[in-house]
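Chemist: What would the 3D arrangement of this be:
(one chain, ligands or ions: 2)
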Amino acid sequence: MAKLEVSNGGNSAVSEGKPPPLPSPRRNSKFLQANMRILVTGGAGFIGSHLVDKLLEKETNEVIVVDNYFTGSKENLKKWVEHPRFELIRHDVTEPLLVEVDRIYHLACPASPIFYKYNPVKTIKTNVIGTMNILGLAKRVGARVLLTSTSEVYGDPLQHPQTEEYWGNVNPIGVRSCYDEGKRVAETLMFDYHRQHGIEIRIARIFNTYGPRMNIDDGRVVSNFIAQAIRGESLTIQAPGTQTRSFCYVSDMVDGLIKLMEGEVIGPINIGNPDEFTVLDLAKKVKDLMNPKVELEIVGNTPDDPRKRKPDITKAKQILGWTPKISLLEGLPLMEEDFRRRIGLNKN
Ligand SMILES: NC(=O)c1ccc[n+]([C@@H]2O[C@H](COP(=O)([O-])OP(=O)(O)OC[C@H]3O[C@@H](n4cnc5c(N)ncnc54)[C@H](O)[C@@H]3O)[C@@H](O)[C@H]2O)c1
Ligand SMILES: O=C(O)[C@H]1O[C@H](OP(=O)(O)OP(=O)(O)OC[C@H]2O[C@@H](n3ccc(=O)[nH]c3=O)[C@H](O)[C@@H]2O)[C@H](O)[C@@H](O)[C@@H]1O
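Modeler: Ligands and ions are numbered 1, 2, ... in the order given. As a prediction, the model looks like this:
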């Protein structure tokens with residue numbers, strides 16, 4: 001029996017496991033093997049569309065995106081429509097999918113709290129049934145699958161910064177559970193398909209990522225503050241404002257995801273920028289950089305908002321040779337430029 005790399009609660013280890021399923025004989029033929037065929041679920045969204053841009057820079061990559069456009073948009077991919085190495089399919093991952101691919105980046109899932117709480121039953125179906133469908137596809141065609149999990153699997157963490165070994169502090173019945181418990185089940189499914197069926201898996205635990213192309217009315221903190229500053233509205237700091245987050249620029253995130261997919265270790269691996277800020281710090285930075293006239297307003301918060309979050313990225317550094325390059329002060333102006341263009345308000 002083949003030896004497979006598996007993770008033991010974040011500690012990479014070697015254990016007995018089934019060998020991965022073989023790609024179909026047709027995919028093995030010399031002609032078809034020339035290109036790497038890559039499926040990106042949720043590829044019309046924020047991170048997904050940046051990932052597609054990066055993947056298509058390589059001439060031997062073909063990309064298929066499936067997306068139901070719940071939070072994503074064709075606009076994000078418009079430069080690739082008609083490109084010979086690109087295909088876009090309207091598809092909901094809660095339904096089975098039949099395509100012949102070598103790699104699957106599985107991102108499909110609403111990510112902003114206002115969107116994932118809008119239809120929580122659909123969110124958990126997307127995480128559970130959607131991930132099972134994708135793993136079933138991987139099993140059939142012998143593809144390697146990467147899941148974009150989340151720092152929300154650590155819940156309101158009692159360990160700081162969070163290492164991959166930490167099991168988390170998650171409310172199983174709260175309003176965020178459709179997302180955080182959904183992702184925890186998705187991770188479990190990944191490992192069970194790996195151990196039981198030999199599927200090649202990779203799990204990234206993504207920490208708060210920001211950058212151009214986020215939905216303007218996405219509801220997440222960086223996009224909200226930038227849109228508010230540009231429109232001259234008060235920046236809405238959800239109480240108490242001392243809660244922390246660590247913000248990763250999207251190009252760094254995409255590099256980390258590709259390194260993880262093409263590396264040897266299955267994870268889970270934290271990918272994020274460890275520079276930690278309070279929400280109040282972030283508001284002050286956006287105000288100073290973009291519109292010193294705007295007010296800071298404390299508003300009510302939502303239940304179970306994690307009080308602090310900062311990734312320990314020792315594993316990403318050592319195993320993937322990855323570190324984030326873009327600081328918050330470099331990334332915010334890049335996002336401001338994109339938001340000003342889309343909102344249609346230039347800097348005075
Ligand atoms: N951005 C972050 O800070 C962050 C942090 C942690 C994890 N993640 C994960 O990364 C992934 C991408 O996040 P994002 O920020 O780009 O969010 P996003 O909302 O912009 O992208 C999600 C995409 O998935 C699509 N989608 C949703 N449900 C679907 C379904 N049932 N079938 C098909 N497509 C569906 C949406 O239309 C959208 O295009 C998500 O899995 C998210 O959980 C993101
Ligand atoms: O990185 C992660 O793992 C997760 O991070 C985010 O979840 P969250 O950190 O709650 O993201 P935001 O909605 O951007 O909130 C961040 C903080 O800013 C605060 N906030 C948000 C919006 C706002 O207008 N004002 C404000 O103070 C929130 O209360 C929260 O404390 C993402 O939305 C999830 O998709 C992702 O999985």
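Chemist: and the residue nearest to Ala186 when sequence neighbours are not counted, what pLDDT?
Modeler: Distance criterion C-beta to C-beta, 6 or more residues apart in numbering; nearest residue to Ala186, sequence neighbours excluded, is Thr131 at 4.2 Å. Where you see a C-beta, it was placed from the backbone N, CA and C, and this is true even at glycine. Predicted confidence (pLDDT) for Thr131: 98.
Chemist: Remind me which helix or strand Thr131 belongs to.
Modeler: helix 131-141 (DSSP states H and E).
Chemist: Quick one: distance of the helix or strand just after that helix to the chain centre.
Modeler: Using DSSP H and E, the helix or strand that directly follows helix 131-141 along the chain is strand 144-150. Relative to the centre of its chain, strand 144-150 is centred 8 Å away, using C-alpha atoms, centre = their mean, to the nearest Å.
Chemist: Likewise for stretch 331-343?
Modeler: In terms of C-alpha atoms, centre = their mean, the centre of stretch 331-343 is set 21 Å apart from its chain centre.
Chemist: Just the CA atoms of it, as PDB, please.
Modeler: Extracted as PDB, the C-alpha positions of stretch 331-343 are listed here (Å, rounded to 0.1, in the frame of the first residue of the first chain):
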ATOM      1  CA  GLY A 331      -2.600  47.400  -0.200                       C
ATOM      2  CA  LEU A 332      -5.200  49.900   0.900                       C
ATOM      3  CA  PRO A 333      -4.400  52.500  -1.800                       C
ATOM      4  CA  LEU A 334      -4.500  49.800  -4.500                       C
ATOM      5  CA  MET A 335      -8.000  48.900  -3.300                       C
ATOM      6  CA  GLU A 336      -9.000  52.600  -3.100                       C
ATOM      7  CA  GLU A 337      -8.100  53.100  -6.700                       C
ATOM      8  CA  ASP A 338     -10.300  50.200  -7.800                       C
ATOM      9  CA  PHE A 339     -13.200  51.400  -5.600                       C
ATOM     10  CA  ARG A 340     -13.000  55.000  -6.800                       C
ATOM     11  CA  ARG A 341     -13.200  53.800 -10.400                       C
ATOM     12  CA  ARG A 342     -16.200  51.600  -9.800                       C
ATOM     13  CA  ILE A 343     -18.100  54.000  -7.500                       C
END
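Chemist: residues of it that come out buried?
Modeler: Buried positions in stretch 331-343, judged by neighbour count with 16 or more other C-beta atoms under 10 Å: Gly331, Leu332, Leu334, Met335, Glu336, Phe339, Arg340.
Chemist: any idea which of the residues you listed is the one closest to ligand 2?
Modeler: Distance to ligand 2 across the buried residues of stretch 331-343 (C-beta to the nearest ligand atom) is lowest for Met335, with 13.1 Å.
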